[in-house]
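Enquirer: can you look at this prediction? I've put the sequence above it.
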Amino acid sequence: MPRRIGEYRVLNESLRRRLSQVDGTGCDGWPTYTKLFRFVRSRLGQGGSEREYAALKASGQGPAVLVRGLLLYLQQFQPVKLAIEANTIGRETWTTADAAELVEAFSTICLESQVQSDWSLSDAWRAIPEVMAFAATGGTESLLCTNHTEVETLAREIFLGVGRSVRKEVAPDQTDDEPRLVDLATRRMQRTLAQYQAQARGWWGACEWAVLKAICGGIPVGGSVFLPLYESVYRKLREGTRNDLEIGPDDLMFPSRWLFMHGLVARPVDGVNARIGWVTARQLLTVYYQGARLAYTRDPHEGAGQPVRILCVGGTEYSRQKLERHGYQRLGNMHGFDVPLYEMVAPAPEARPWLPRTPAETLSLVMAAFFHEIGARQ
């Protein structure tokens, strides 16, 4: 949900235009978002989003803290540009001015009603996709696996992730030795790594959105296997008369509102300049978008207007606690396995109000936002 911003400012238009001028090398005068964000965090203890910074550059409007941080940055690192602006407005003491003085000299207050922000839109949730699906994941097309090798690599990461979770449960003091992790996952999943990779290839061949990468810094850092099923297949899984070993490509239907979250993994990769929390966030955003992609349809015969049902496996104590904390309801065990199934039934995304009250309604709200964006692109 977009955060509430207490005060907006508008940069002097002459300064905004000056910063936007492109020099002979093709660069403008705006600091990069990464540099500015780090500076604002260190100096003011707050930050701003890339979306807000883009709006500031385009229109001059932005949260007061972002404007304040930009002016302090210019004062310290790009004094020439600020000096020219100061001369234009007859300001002579700008070099020793504090943050409040800079803000008053080089910007004006802006009423919230004047700002085209998420909060000022009557249907504010429609702004969520741009923030979550595209800015955060790096573009939807980059999430798709392009060949069998990418599918097998992701399946391997999920398989090792299962082994790692089991190892933490049964032998928390041991290290993550890969052959040991493969053995643990093989026992828990009742299939070999090669067999699981073959399954994943088949699912991906039936529906390219069923196997998706999570991207951070342009590099895959995990992903998920999310299966859109026929209603009959879903119900058999739910009722404990069928298990995931028996799910083949012919059991997938796209689009579908009967979804089975089969596996996901978030694992930082060497060379990715991001915190672990950011990597996890990218992976979760990928799952949300993936679910919306699988469930989206305009056709009532394909489920439009119906709830979105999601089954998950509680394969370890940690995953069970996590699912219960996120609002999933425990069912019986999966057929042939000593692990429980969990289910969430999200209300029809097309009919969601703005303010969700439960985890399922929150999921439905996010899907509704993604539905709007997916529909606009089709």
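Expert: Ah, there it is. Bear in mind that the values here come from a model prediction, so they are computed numbers and not experimental data.
Enquirer: which residues touch the closest residue to Ala348 other than its chain neighbours?
Expert: In space, not counting the residues next to it along the chain, Ala348 is nearest to Gly305; the distance is 5.2 Å by CB to CB, 6 or more residues apart in numbering. Where you see a C-beta, it was placed from the backbone N, CA and C, and this is true even at glycine. Contact partners of Gly305, counting by CB atoms under 8 Å, 6 or more residues apart in numbering, are Ala348, Glu350, Ala351.
Enquirer: now do Lys35
Expert: With contact taken as CB under 8 Å, 6+ apart, Lys35 is in contact with Tyr73.
Enquirer: quick check: it is in a helix.
Expert: Yes. Under the criterion used here (DSSP: H, G, I helix; E, B strand; the rest coil), Lys35 sits inside a helix.
Enquirer: let me see the ranges of the helices in the stretch 1-150 of the chain.
Expert: In the stretch 1-150 of the chain, helices defined by DSSP state H, counting those that start in this stretch lie at 13-20, 33-44, 50-59, 64-77, 79-88, 99-106, 128-129, 148-170, listed in chain order.
Enquirer: what's the distance between the longest one and the middle of its chain?
Expert: Looking back up the chat, that one is helix 148-170. With CA atoms, centre = their mean, to the nearest Å as the basis, the distance from the averaged C-alpha position of helix 148-170 to the chain average is 21 Å.
Enquirer: low-scoring stretches of the stretch 251-378 of the chain, by residue?
Expert: In the predicted model, the stretch 251-378 of the chain carries pLDDT under 70 at residues 268-281, 352-358, 362, 369, 372-373, 376-378.
Enquirer: again, only this time at 50
Expert: Segments of the stretch 251-378 of the chain classed as low confidence (criterion: pLDDT under 50) are 272-274.
Enquirer: quickly, which of the helices of the stretch 1-150 of the chain bottoms out on average pLDDT?
Expert: Out of those, the stretch the model trusts least by mean pLDDT is helix 128-129, with a mean of 46.
Enquirer: tell me who's in contact with the nearest residue to Tyr73 once chain neighbours are set aside.
Expert: In space, Tyr73 comes closest to Phe39 once its chain neighbours are excluded; the distance is 5.1 Å by CB to CB, 6+ apart. With contacts taken as CB under 8 Å, 6+ apart, Phe39 has the following neighbours: Pro31, Gly69, Leu72, Tyr73.
Enquirer: and the pLDDT at Pro2?
Expert: Predicted confidence (pLDDT) at Pro2: the value is 41.
Enquirer: hmm, back to that, among the contacts of Phe39, list the two that are farthest apart in space.
Expert: Across those, the two members that end up farthest from each other (CB to CB) are Pro31 and Leu72, 11.0 Å apart.
Enquirer: CSV for the contacts of Phe39, including distance to Gln174 and neighbour count?
Expert: Listed next are these as CSV, based on distance: CB to CB, whole Å; neighbours: other CB atoms under 10 Å:
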residue, distance to Gln174, neighbour count
Pro31, 47, 18
Gly69, 46, 26
Leu72, 50, 20
Tyr73, 48, 19
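Enquirer: now do the strands in the stretch 251-378 of the chain.
Expert: According to DSSP state E, counting those that start in this stretch, the stretch 251-378 of the chain carries its strands in the segments 258-266, 308-313, 329-333, 340-346.
Enquirer: make CSV out of these and add mean neighbour count.
Expert: Converted to CSV, the strands of the stretch 251-378 of the chain look like this (neighbours: other CB atoms under 10 Å):
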stretch, mean neighbour count
strand 258-266, 23
strand 308-313, 23
strand 329-333, 13
strand 340-346, 20
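Enquirer: so for Pro172, which of the ones you listed sits nearest?
Expert: strand 258-266 (19.3 Å).
Enquirer: who does that closest one touch, helix- and strand-wise?
Expert: Using 3 or more CB pairs under 8 Å, 6 or more residues apart in numbering; DSSP states H and E as the contact criterion, the elements in contact with strand 258-266 are helix 148-170, strand 219-228, helix 231-239, helix 276-295, strand 308-313.
Enquirer: can you tell me which of these is most buried?
Expert: Each of these was scored by mean neighbour count; the highest is strand 219-228, a mean of 24, by mean count of other CB atoms under 10 Å.
Enquirer: that strand pairs with which strands, parallel or anti?
Expert: According to DSSP bridges, the neighbouring strands of strand 219-228, each with its direction, are strand 211-216 (antiparallel), strand 258-266 (antiparallel).
Enquirer: list the residues that contact Tyr328.
Expert: If you count contacts by CB under 8 Å, 6+ apart, Tyr328 has them with Ile310, Cys312, Tyr342, Glu343, Met344.
Enquirer: widest-spaced pair of those residues?
Expert: Maximum pairwise distance among the contacts of Tyr328 (CB to CB): 8.7 Å, between Ile310 and Tyr342.
Enquirer: distance to Leu56 added to the helices and strands packed on strand 258-266, as a markdown table?
Expert: As requested, the helices and strands packed on strand 258-266 are arranged in a markdown table below (distance: least, CB to CB, whole Å):
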| stretch | distance to Leu56 |
| --- | --- |
| helix 148-170 | 37 |
| strand 219-228 | 28 |
| helix 231-239 | 46 |
| helix 276-295 | 22 |
| strand 308-313 | 36 |
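Enquirer: just so I know, which of those lies nearest Glu178?
Expert: Closest to Glu178 of the helices and strands packed on strand 258-266 is helix 148-170 (CB to CB; 6.9 Å).
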